[in-house]
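Trainee: With the sequence up front, the predicted model follows.
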Amino acid sequence: MDREEKNRTESGAQKRPVHRKRRRTDGSTPRKTEQVRKRRKSGRQGERMSAKKRQQKRTRFNVVSSLILVAAVCVFVFSLYQLVTMLIPYYSGGKIYDEIKNIAITADEDGSGFKVDFDALMKENSDTVAWIRFDEPSIISYPVVKSSDNVEYLTKTFTANDNKLGAIFMDMRNSSDFSDRNTFIYGHHLNVGGEMFSELLKYESESFCKENPNFYIYTPDGKVRTYTIFSAGVVKDTADNYKIQYATDAEYEEYLRLCQDSSNYTVDVELNAQSQIVSLSTCTNIRDDERFLVQGVLTATD
């Protein structure tokens, strides 16, 4: 090969094209572009998955919140129903006794001149035996009834309507004319409203008793009996304080001493074998087997 041919050969070799990786206008190679595309696609898929998860979480949260709200509303409605159901008897029972007072009681504005129309009461209920009244607590001002048992008026009002207020009633074993040595009268202690014998528990306080020592019993014969409280305290429902018959004077005097000893405080009032007393009994609403007993001795009859 001569020199000229050799030079042409070398020159052709130099001009031989060199294969290089194609580049995109942005300077990236196809492989790199594919990788970027995949990463972007993966990123978009990740974002969609994250958004989907967030949406699912929000949906679950909304469902749980809705369930909690519905449950709370149900509890509220049920509680409101129970409250209304509980309060209605107190309200309706209170109205009954207000109406009874309107038809049977007359008194001056200051409370003096208190009179009871027993004819009107008898028309409403032939079981009427008396009316009991306190100066304070003044809410205790009710007709007293007596039936053939000590159960009926636990759940019936004076007008014989079924109601948890019940009525103030005399023990079935007692004489209706208050001629017994000891006459028992019962009434409910209510958690709402303060009606019936609820506020009898104010006599737990000695100072309250000293300020309001008396209560009054009005009877169909026109008499007004004044009783002075000599004992007030909590006793068991099976205690001898509920003894109603006494074989001898000595046994009765022993009973009176028992009642005085059971009292929260000592009251200076005379008691003897000739004393006639009235015992007012109600629940304590603390223990089922306990009662609060307030006892007064007859000190005047008008």
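Mentor: Arrived safely.

Trainee: drop to CA atoms for contacts and neighbour counts, all remaining ones
Mentor: Fine.

Trainee: In the sheet, which strands lie alongside the helix or strand hosting residue 215, parallel or antiparallel?
Mentor: Assigned by DSSP states H and E, residue 215 belongs to strand 214-218. If you go by DSSP bridges, strand 214-218 pairs up with strand 128-134 (antiparallel), strand 224-236 (antiparallel).

Trainee: For residue 264, give me its contacts.
Mentor: 204, 205, 206, 231, 232, 233 (Cα atoms under 8 Å, 6 or more residues apart in numbering).

Trainee: Only the buried subset of these, as a PyMOL command please.
Mentor: Remark: buried members of the contacts of residue 264, expressed as a PyMOL selection using 16 or more other Cα atoms under 10 Å:
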select buried, resi 204+206+231+232+233
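
Trainee: separation between the residue nearest to residue 128 when sequence neighbours are not counted and residue 125?
Mentor: Distances taken as Cα to Cα, 6 or more residues apart in numbering place residue 145 nearest to residue 128, at 4.4 Å, with adjacent residues excluded. Distance, residue 145 to residue 125, by Cα to Cα, to the nearest Å: 8 Å.

Trainee: Which of the strands paired with strand 214-218 sits closest to residue 58?
Mentor: The stretch from the strands paired with strand 214-218 with the least distance to residue 58 (Cα to Cα) is strand 224-236; that distance is 60.4 Å.

Trainee: Quick one: mean pLDDT for that closest one?
Mentor: The pLDDT scores in strand 224-236 average 98.

Trainee: buried ones in that strand?
Mentor: Here strand 224-236 shows 224, 225, 226, 227, 228, 229, 230, 231, 232, 233, 234, 235 as buried, counting by 16+ other Cα under 10 Å.

Trainee: could those go into TSV alongside distance to residue 271?
Mentor: As requested, those are exported to TSV (distance: Cα to Cα, whole Å):
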residue	distance to residue 271
224	20
225	17
226	15
227	12
228	11
229	11
230	9
231	11
232	15
233	18
234	21
235	20
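
Trainee: Run through the protein and note the low-pLDDT ranges.
Mentor: For the chain, the stretches with pLDDT under 70 are 1-47, 61, 63-67, 69-92.

Trainee: which stretches of it form strands?
Mentor: 105-106, 115-116, 128-134, 141-145, 168-170, 182-186, 214-218, 224-236, 277-283, 290-301 (DSSP state E).

Trainee: Which residues does the longest one contact?
Mentor: Contacting residues not belonging to strand 224-236 are listed as 203-204, 209, 213-218, 241, 259-260, 262-269, 277-278, 284, 289-302 [Cα under 8 Å, 6+ apart].

Trainee: Residue 156 against residue 168, yeah?
Mentor: No. Assessed by Cα atoms under 8 Å, residue 156 is found out of contact with residue 168, at 9.9 Å.

Trainee: Between those two, which has more neighbouring residues?
Mentor: Higher neighbour count among residue 156 and residue 168: residue 168, with 27 against 18, using other Cα atoms under 10 Å.

Trainee: residues touching the more buried one, list them.
Mentor: Contacts of residue 168 (Cα under 8 Å, 6+ apart): 142, 143, 144, 145, 153, 185, 186, 187, 188, 196.

Trainee: In a markdown table, list those residues along with distance to residue 273.
Mentor: A markdown table is the format used below for the contacts of residue 168 (distance: Cα to Cα, whole Å):
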| residue | distance to residue 273 |
| --- | --- |
| 142 | 29 |
| 143 | 29 |
| 144 | 26 |
| 145 | 27 |
| 153 | 32 |
| 185 | 21 |
| 186 | 24 |
| 187 | 27 |
| 188 | 30 |
| 196 | 31 |
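
Trainee: can you pick the most crowded of those?
Mentor: residue 143 (27 neighbours).

Trainee: List the beta-bridge partners for that residue.
Mentor: The partner residues for residue 143, given DSSP bridges, come to residue 131.

Trainee: how far away is it from residue 280?
Mentor: Residue 143 is 14 Å from residue 280, by Cα to Cα.

Trainee: How about residue 295?
Mentor: 6 Å.

Trainee: And residue 117, by the same measure?
Mentor: Residue 117 is 23 Å from residue 280, by Cα to Cα.

Trainee: about what we covered before: could you dump the contacts of residue 264 into JSON lines and include distance to residue 110?
Mentor: Compiled in JSON lines, the contacts of residue 264 are given as follows (distance: Cα to Cα, whole Å):
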{"residue": "204", "distance to residue 110": "27"}
{"residue": "205", "distance to residue 110": "25"}
{"residue": "206", "distance to residue 110": "26"}
{"residue": "231", "distance to residue 110": "28"}
{"residue": "232", "distance to residue 110": "28"}
{"residue": "233", "distance to residue 110": "31"}
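
Trainee: Sounds good, over and out.
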